[in-house]
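J.: can't give you the sequence, but here's the structure:
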Ligand code: TYD
Ligand code: MG
């Protein structure tokens, strides 16, 4: 007979407490303790073994043998890049993202494109639903197995029967194990099922790809410890109303977190976008006022992004300010700089700013393009389409250098831009480039050259 006991789990950090408290003593969050039932049963398949073990011996780093380091090729180059060159055997990869962003689609496409035997376990959709989706995305891998199951012990039974080379779980929040009695998705279930999956991955060398839901704050639902436990945390993001999706590594034990993959959601599933800059710039006839192009970096990747601004006289008393894909506070700051340092009376104007393609840009190098787009709309004077901008704008109206300017210049040059405006303080010489590099120090310099 199993012994049951109840404990209190902090929903924020996952710490276990024996009695209820108003505040978690570990993470200091209030009202996060929830009672959950934990039953103590004895171990079975890939359940953590809590019995005292023989101590491991310490080895000299030069004596440690690297075994089995051959990575699984995920076919999708974008995914391979983000993972740092393929899926490492025995690794546990967690993929998070908003509902409907395409997590299940991405994982199914990976499963179907692999040259290995993959077991795709879904706790969210029926086999027929998955089959329908598989037909939509095509490239059917005959060896891909689909299982609808939420109980980890039953999943492990299926694994012992089928011996898959790769396991996909959709999603960790739907799994439950027999050893914990609380409902699926609770902190103790997530902790326990993840531990079992990690143990399975490490013991058998099978990579496990796990989908995780995110909560309303945008982090992966469940305890933070989940992200500590797994080897790789990927985030799939983008605007659901736009077709572009960005896959980023937030944590990667086997590679850099600087790489990112860009996908496009089509009727037939996700497609890799090899040359994002070309798509993000709209092709228009003639020059229009209020647009400018910035050479930004997303992770390690240079990306030319179009910025559009509309400045018009405010109809109502309070002028409206809105920014899509850019921080509104930062826009307000730039408008204040233009007002104070360059004498533009924007205080009484409505200003709308949009970054095309539904992308959220954090790179400060876009500042200069924002300023140019706003001024261009305000003056109703177009900026030539073959000019690019890459610099940060400071509070004193100074044009500041940004990191990896070389890479930005190279991308603009590759796409046929004629001029790129950067900060005067960048140590870049014109010689090696065919694109004309214009160095400016202040907003006044910019005005003199463009308007
Ligand atoms: P899904 O993978 O179910 O999202 P998640 O698992 O992250 O919740 O993706 C669902 C969305 O993707 C849905 O709104 C429809 C869209 N979609 C396409 O546009 N094309 C396709 O081929 C597929 C399979 C989905
Ligand atoms: Mg899904």
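T.: Done, it's in. On a predicted model such as this, the values are computed, not experimentally measured, just so you know. Ligands and ions are numbered 1, 2, ... in the order given.
J.: Test my guess that residue 164 contacts residue 144.
T.: No. With contact taken as C-beta atoms under 8 Å, residue 164 and residue 144 are classed as non-touching, separated by 9.2 Å. Quick note: C-beta positions are derived from backbone N, CA and C, even for glycine.
J.: so what's in contact with these two at the same time?
T.: When contacts are counted by C-beta atoms under 8 Å, 6 or more residues apart in numbering, the set common to residue 164 and residue 144 consists of 117, 118.
J.: Can you give me the domain boundaries for the protein?
T.: 1-41, 72-274, 280-450 (automatic domain parsing).
J.: Output those domains as CSV; include the columns mean pLDDT.
T.: Shown next, in CSV, are those (pLDDT from 0 to 100):
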stretch, mean pLDDT
domain 1-41, 80
domain 72-274, 89
domain 280-450, 91
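J.: Adding distance to residue 56 and mean neighbour count, write the ones you listed out as TSV.
T.: Converted to TSV, the domains of the chain look like this (distance: least, C-beta to C-beta, whole Å; neighbours: other C-beta atoms under 10 Å):
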stretch	distance to residue 56	mean neighbour count
domain 1-41	26	14
domain 72-274	13	19
domain 280-450	36	18
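J.: Can you add distance to residue 62 and give those back as CSV?
T.: Written out in CSV, the entries for the domains of the chain read as follows (distance: least, C-beta to C-beta, whole Å):
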stretch, distance to residue 62
domain 1-41, 37
domain 72-274, 20
domain 280-450, 31
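J.: Which one of those domains lies nearest to residue 59?
T.: domain 72-274 (17.3 Å; C-beta to C-beta).
J.: next one: that closest one to chain centre, how far?
T.: On the basis of C-alpha atoms, centre = their mean, to the nearest Å, domain 72-274 sits 14 Å off its chain's mean C-alpha point.
J.: From one end of it to the other, what's the distance?
T.: Distances were taken as C-alpha to C-alpha, to the nearest Å; on that basis the terminal residues of domain 72-274 are 21 Å apart.
J.: go on, stretch 212-224?
T.: By C-alpha to C-alpha, the extent of stretch 212-224 from end to end equals 12 Å.
J.: Name the residues that touch it?
T.: When contacts are defined by C-beta under 8 Å, 6+ apart, stretch 212-224 is touched by residues 9-14, 94-99, 171-173, 185, 187, 190-191, 226-227, 233.
J.: In helices only, show me those.
T.: Among those, the members found in helices (DSSP state H) are 187, 190, 191, 226, 227.
J.: Who are the contact partners of the nearest residue to the last one once chain neighbours are set aside?
T.: When the adjacent residues along the chain are set aside, residue 227 lies closest to residue 233, with 5.1 Å between them (C-beta to C-beta, 6 or more residues apart in numbering). Residue 233 makes contacts with 93, 94, 96, 220, 227, 249, 250, 251, 252, as judged by C-beta under 8 Å, 6+ apart.
J.: change it to 7 Å
T.: For residue 233, the contacting residues are 94, 96, 227, 250, 251, by C-beta atoms under 7 Å, 6 or more residues apart in numbering.
J.: who does the nearest residue to residue 186 once chain neighbours are set aside bridge with?
T.: Beyond its immediate neighbours in the sequence, the residue positioned closest to residue 186 (C-beta to C-beta, 6+ apart) is residue 36, lying 5.6 Å away. Counting by DSSP bridges, residue 36 forms beta bridges with residue 7.
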